[in-house]
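>>> Dropping the sequence and predicted coords here.
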Amino acid sequence: MTDLHPTATLTPSAGLLSVLRKELAGHPPFAQMAPADIDFFVARSEQRYYAPGEAVQAPALGPVQSVFFIRQGSVTGRKGVAELSGGAIHYEPGDLFPLAAAVAQRPVTATYESAADTFVLALPVASMQELAERSAPFADFLNSRIGRYLEVSRRAMRDLHASEVLSGQSLETVLGELARQPLVSCASGATLREALSEMDRRRIGSIVVTGPDGAAEGILTRHDVLAKVALAEVPLDQPVSAVMTSPVHTLTVEHNAEDAALLMSRHGIRHVPVTRAGQVVGVVSERDLFALQRLSLKHVGTSIRLAADVPALQDAAADVRRLARSLLGQGVQARQLTGLISHLNDLLTRRILEIKAAAHGVSLDQACWLALGSEGRSEQTVATDQDNALILPDGAGPDLRRQLVRFALDVNATLDTCGYPLCRGGIMAGSPACSLTLAEWRERFSHWIEHGSPQDLLDASIFFDLRGLAGNLSLAQRLRTEVLGRAQANPRFLKQLALNALSREPPLNWLGGIETNEVGSIDLKLQGAALFVDAARLYSLAHGLDLTGTRERLQAVGERIGLPAAETGAWIAGFEFLQTLRLRVQLGEAGPAAEPNRVRVQDLHDIDRRILKESLRMARRLQQRMRLDYER
């Protein structure tokens, strides 16, 4: 090793300081740091050179003494945990490592060697700690690198789309911050004249009716005034309690804007009282939530509910995609966006079911329409095909079966015309193999769990994400409960499921870099997100967790087996970035439209390439745990 700067305390010249500051400022966390703090990093660092094959850091060297910023060249970590997890760890110019070991003041678990002529800035751990105390962005980066990368990426995306969408509140904003206007309320004994006068004076669209304890007893809105007062010719000296809407849907100050948006959409309302410790402290309206161009979640949801025919539903489905593009441009996170897309797709499917059930003379009261796969997990992206099934009433005769299958085929065809393609694997309710009685579904799941071959389980994996969507939902819940019990009690099934999940690996080469196909692309679904989905499904079944969402499953599993929150959070962050990138590709930001889950790695900007590689590393670490748990 050659020390280009003989001591770590040597102060660089003003010219060199300027050059290095500009170089570092192009990479996180320095891009978010104050210039004086970047200068601190440079001034306290030692510039070093490592020849190809030379060790930079190794377990035998003891606790980490310095963290390294790569200026030129690359470093590969092998052996130890890196080797056990199925490959190497590769660091490139702009990377800062080994952070976890430095923060924990422990030795590294892999041997890091220079893969080329490599120049680094080496910052002593003591200076790293001092810098973390003076720079919040640097401290945040040390504690959660992938989470910090994600925030940088979201900020860049918001800036990119700023001219395309109107500004709006983040769906993560808690209602305690949104409901800042003073509460306007009245007692239930107040007259309509008093309530309406107050609404007119304050120029508001609703007034909350509260009891002596400050709890919400009801709400009076402009819509109520028209329907229940004016048209009904109710005298204005009547008490407001005579026409108020009660009971009223409320949320707490800890809920966020997404919760309010979903509540409004589900119940067709425009105002949600916000409570703290049971007392109403404010109201959030639809206008508070979105400032989108002619679109809102409530608007799209209402369009779906009021759609009278297939052309109207086709228009509403297009609105779903336009809304998704607008929200993505505002930096809405994948978990929220896929949840909103799935919610609207649920509404659209239910409306199609209502229209087609009437046309076919079918009643779903005894049957149950099932959502499977990504829809069952409420993780649908924009480009998604159909995965659904039907639970028929036990004892259904041939005539009823034929009627329900014809109905389901019509629903599948209608979903196709609305932009949800037919499943190429034939997993749709219109297939006789996917329209079974509860007893027949029990038998099928029992076969998969007790006797299924690896290929059977690979083909059937999406069935284990079932969720009742319409009809007799108790049938779906009974089936889920029985499946969970059987799966948890069968070690052979869990091992087969694990081996299937491990049959696909992250596209990382032996150096730890991203391995692409001949045109430089990877499949973000099969080679990325699906790895997290498979692992989350396995562990949730193994622990008997009645959850379907990948995020919720990973979170619950981490808590159940006592994992550090940082490790579980890294898994979740990796999965959600892959989902975000899939949405961006599907909405036209990158990648060929004909391949909605493929992205050309070279088309991504520097930050996204880094997060992608980090996310794939997280998938590899998750698979490493699966190997330790099930490959024995």
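Nice, I can see it. Residues are numbered from 1 along each chain as shown.

>>> Next, work out how far apart the residue lying closest to Ser363 once chain neighbours are set aside and Val411 are.
Distances taken as CB to CB, 6 or more residues apart in numbering place Ala357 nearest to Ser363, at 6.9 Å, with adjacent residues excluded. In this view, the C-beta of every residue, glycine as well, is placed from N, C-alpha and C. Ala357 sits 9 Å away from Val411, going by CB to CB, to the nearest Å.

>>> Neighbour count: the two, which is higher?
For Ala357 versus Val411, the count of surrounding residues by other CB atoms under 10 Å is larger for Val411: 25 against 21.

>>> Contacts only, for that one.
Neighbouring residues of Val411 by CB atoms under 8 Å, 6 or more residues apart in numbering: 349, 352-353, 356, 429-430.

>>> Can you give the distance from stretch 409-421 to the centre of its chain?
26 Å (CA atoms, centre = their mean, to the nearest Å).

>>> All further residue positions should be reported with the first residue as 28.
Sounds good: first residue 28 from here, last item stretch 436-448.

>>> Kindly export that stretch (C-alpha atoms) in CSV.
The C-alpha coordinates for stretch 436-448 follow below in CSV (Å, rounded to 0.1, in the frame of the first residue of the first chain):
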residue,chain,number,x,y,z
LEU,A,436,-65.4,-16.3,-18.0
ASP,A,437,-67.3,-13.1,-18.8
VAL,A,438,-65.8,-11.3,-15.9
ASN,A,439,-62.3,-12.5,-17.0
ALA,A,440,-62.9,-11.2,-20.5
THR,A,441,-64.2,-7.9,-19.2
LEU,A,442,-61.2,-7.4,-17.0
ASP,A,443,-59.0,-8.1,-20.1
THR,A,444,-60.8,-5.3,-22.1
CYS,A,445,-60.1,-3.0,-19.1
GLY,A,446,-56.4,-3.5,-19.4
TYR,A,447,-55.9,-6.5,-17.1
PRO,A,448,-54.6,-9.3,-19.4
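
>>> Give the buried residues for that stretch.
Counting neighbours by 16 or more other CB atoms under 10 Å, one finds that the buried residues in stretch 436-448 are 436-442, 445-447.

>>> As a check, name the ranges of all strands in the stretch 128-277 of the chain.
Residue ranges of the strands in the stretch 128-277 of the chain, as given by DSSP state E, counting those that start in this stretch, are 138-141, 145-151, 212-214, 233-237, 243-248.

>>> how about those, which one is nearest Ala516?
Closest to Ala516 of the strands of the stretch 128-277 of the chain, according to CB to CB: strand 138-141, at 42.6 Å.

>>> Okay, domains of the chain per the record?
Per automatic domain parsing, the domain ranges recorded for the chain read 29-170, 202-316, 525-657.

>>> ok, now which ones touch Leu553?
By CB under 8 Å, 6+ apart, Leu553 lies in contact with 531, 624.

>>> and it, how far is that from Phe559?
12 Å.

>>> Can I take it that Val301 is in a strand?
Yes. Assigned with DSSP: H, G, I helix; E, B strand; the rest coil, Val301 falls within a strand.

>>> Identify the bridge partners of it.
Leu278, Gly309 (DSSP bridges).

>>> partners of the residue nearest to Phe96 when sequence neighbours are not counted in the sheet?
By the measure of CB to CB, 6+ apart, the closest residue to Phe96 outside its immediate chain neighbours is Leu148, 4.4 Å from it. Listed beta-bridge partners, Leu148: Gln74, Phe96 (assigned using DSSP bridges).

>>> Would you check how far apart Leu148 and Glu509 are?
Leu148 sits 59 Å away from Glu509, going by CB to CB.

>>> Who has more neighbours out of these two?
In this view Leu148 and Glu509 are compared by other CB under 10 Å, and Leu148 has more residues nearby, 23 against 15.

>>> So the more buried one versus Ile97, what's the distance?
Using CB to CB, one gets 8 Å for the distance from Leu148 to Ile97.

>>> what comes up buried for the top helix by length along the chain?
Criterion DSSP state H: the longest helix present in the chain is helix 361-387. Buried positions in helix 361-387, judged by neighbour count with 16+ other CB under 10 Å: 361-380, 382-384, 387.
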